[in-house]
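**Student:** Okay, sequence plus prediction incoming.
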Amino acid sequence: MPELPETETIARDLHGAVGGAVIGATSVPRPDVLREVTAVEFAERTTGAQIGRVWRRAKSVILDLSTEDRLVVTPRFTGALLIELAVSTAETRAETRAETRAETRAETRAETRAETRAETRAETRAETRAETRAETRAGEPTPTSADYTAIHWQLTDGRTLRYRDVRRLGTVALMSPDRFERWTAALGPEPLDPALTAERFSGIVRVSSRAVKSILMDQRRMAGIGNIYANEALWRAKIRPTRRGTALSRAAATTLLAEIRAVLTESIALRGTSFRDYRDAFGGRGGFVARLAVYGRAGEPCTRCGAVLRSTHAIEGRSTVFCPACQR
Ligand SMILES: [Zn+2]
């Protein structure tokens with residue numbers, strides 16, 4: 001799933017590509033990715049809007065609109081925001097058919113969804129479940145057809161921006177300024193924010209008796225870190241992922257924050273880690289996968305000490321890989 005570096009890459013690319021562009025028309029072939037608004041409201045409120053800054057918060061891409069609404073796109077495992085120069089006629093026909101089918105389902109679903117709006121707590125839980133499901137299905141082939149376009153923005157300059165999501169585990173929300181403030185306030189601090197001091201980070205980690213890995217992945221405590229970078233940062237910091245937060249010394253917490261920042265910064269420089277589905281805004285893959293020390297390497301030797309890396313699903317059912325010899 002796209003974590004901080006992948007989402008940052010998408011946001012930076014999109015800012016360069018569509019910052020300043022105007023949305024001429026919005027269509028929603030697969031409205032079940034929508035949050036907060038109905039498909040009709042979504043189309044009405046985005047059509048005619050100019051896209052301002054495109055940036056990242058946690059694992060979401062934020063598009064500021066001239067209407068003061070914000071588009072909050074959370075790709076999770078299979079979502080991708082893609083910018084294209086033009087759409088072929090075959091794709092357009094496929095989408096028109098999909099739109100017709102989806103139209104009748106759209107409003108009923110969107111209404112139900114509006115009633116049961118997921119707040120951040122529920123979202124965090126849903127995210128973990130979605131990731132776990134996607135990891136379980138990791139061996140499946142990934143179709144890449146335009147049929148998986150969930151939202152389609154026709155830009156007035158002739159280009160199109162589309163949100164494609166094969167399994168539709170990701171979400172697209174349209175938030176008013178008030179709603180956005182509540183959403184962002186419920187998330188933990190950004191690990192790369194210089195305002196996050198070692199002292200504050202230590203306070204976040206050392207008050208919880210949960211496994212340190214699960215604290216790092218909890219978006220309410222820390223934003224943007226998921227399974228890949230939690231595994232990697234803990235290996236770099238030589239901390240056993242199952243260690244309780246309360247059992248970490250202040251010095252260990254300080255080292256951990258430094259290693260989190262190092263791994264995230266290195267990955268951003270390489271445009272993230274591509275595993276299965278992640279693609280950047282131009283359909284490209286990230287280069288950090290070659291640098292992974294533990295994630296996906298269970299049974300292989302630790303590059304630091306040579307011991308065989310071990311894997312466990314003891315933490316939130318997610319795949320945890322660690323070195324039993326040098327992570328304490
Ligand atoms: Zn080792």
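**Tutor:** Received it, and whenever you're ready, just let me know what you need. Nothing here was measured: the structure is a model prediction, and the numbers come from that model.
**Student:** Wasn't residue 55 part of a strand?
**Tutor:** Yes - assigned with DSSP: H, G, I helix; E, B strand; the rest coil, residue 55 falls within a strand.
**Student:** if I pick it, what's in contact with it?
**Tutor:** Residue 55 makes contact with 11, 15, 61-62, 64 under the criterion CB atoms under 8 Å, 6 or more residues apart in numbering. Quick note: C-beta positions are derived from backbone N, CA and C, even for glycine.
**Student:** Would you tell me which one of those comes nearest to residue 284?
**Tutor:** Proximity of these to residue 284 (CB to CB) peaks at residue 11, which lies at 14.7 Å.
**Student:** if we take the contacts of residue 55, which one ends up nearest to the ion?
**Tutor:** The ion lies nearest to residue 11 out of these, by CB to the ion, at 34.3 Å.
**Student:** from the contacts of residue 55, which ones fall inside helices?
**Tutor:** If you go by DSSP state H, the contacts of residue 55 have 11, 15 in helices.
**Student:** quick one: the strands in the stretch 51-200 of the chain?
**Tutor:** 51-57, 60-65, 70-74, 79-84, 149-155, 160-165, 171-175 (DSSP state E, counting those that start in this stretch).
**Student:** Worst mean pLDDT among those strands?
**Tutor:** Among the strands of the stretch 51-200 of the chain, strand 79-84 has the lowest mean pLDDT, at a mean of 84.
**Student:** would you say residue 41 is within a strand?
**Tutor:** No - according to three-state DSSP, residue 41 belongs to no strand; its state is helix.
**Student:** Which residues are in contact with the residue nearest to it when sequence neighbours are not counted?
**Tutor:** Leaving out its chain neighbours, the residue that sits closest to residue 41 by CB to CB, 6 or more residues apart in numbering is residue 174, at 7.6 Å. Shown in contact with residue 174 (CB under 8 Å, 6+ apart): 34, 36-37, 41-42, 45-46, 69-72.
**Student:** related to what we said a few turns ago, okay if I get the strands of the stretch 51-200 of the chain as a markdown table plus distance to the ion?
**Tutor:** Compiled in a markdown table, those are given as follows (distance: least, CB to the ion, whole Å):
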| stretch | distance to the ion |
| --- | --- |
| strand 51-57 | 32 |
| strand 60-65 | 34 |
| strand 70-74 | 34 |
| strand 79-84 | 35 |
| strand 149-155 | 42 |
| strand 160-165 | 38 |
| strand 171-175 | 38 |
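**Student:** Look up the closest residue to the most centrally placed residue in the chain, ignoring the ones flanking it.
**Tutor:** The residue lying closest to the centre of the chain (CA atoms, centre = their mean) is residue 59, at 3.5 Å. Distances taken as CB to CB, 6+ apart put residue 7 closest to residue 59, at 5.1 Å, once the chain neighbours are dropped.
**Student:** any idea of the mean pLDDT for whichever strand or helix holds that neighbour?
**Tutor:** Taking DSSP states H and E as the definition, residue 7 sits inside helix 4-18. Averaged over helix 4-18, pLDDT sits at 94.
**Student:** Quick one: list the elements packing against that helix.
**Tutor:** strand 51-57, strand 60-65, strand 79-84, helix 250-269 (3 or more CB pairs under 8 Å, 6 or more residues apart in numbering; DSSP states H and E).
**Student:** Make TSV out of the ones you listed and add distance to residue 179.
**Tutor:** Listed next are those as TSV, based on distance: least, CB to CB, whole Å:
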stretch	distance to residue 179
strand 51-57	13
strand 60-65	13
strand 79-84	21
helix 250-269	28
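**Student:** Tell me the residues of the chain that contact the ion?
**Tutor:** Contact residues (CB under 5 Å from the ion) of the chain with the ion: 302, 304-305, 307, 323, 325-326.
**Student:** do that again at 8 Å, thanks
**Tutor:** 235, 302-307, 309, 323-327 (CB under 8 Å from the ion).
**Student:** What are the buried residues along the helix or strand containing residue 44?
**Tutor:** Using DSSP H and E, residue 44 maps to helix 39-46. For helix 39-46, the neighbour count (16 or more other CB atoms under 10 Å) marks 39, 42-43, 45-46 as buried.
**Student:** Over to stretch 297-317?
**Tutor:** 297, 302, 309-311, 315-316.
**Student:** likewise stretch 238-250?
**Tutor:** 238-243, 245, 248.
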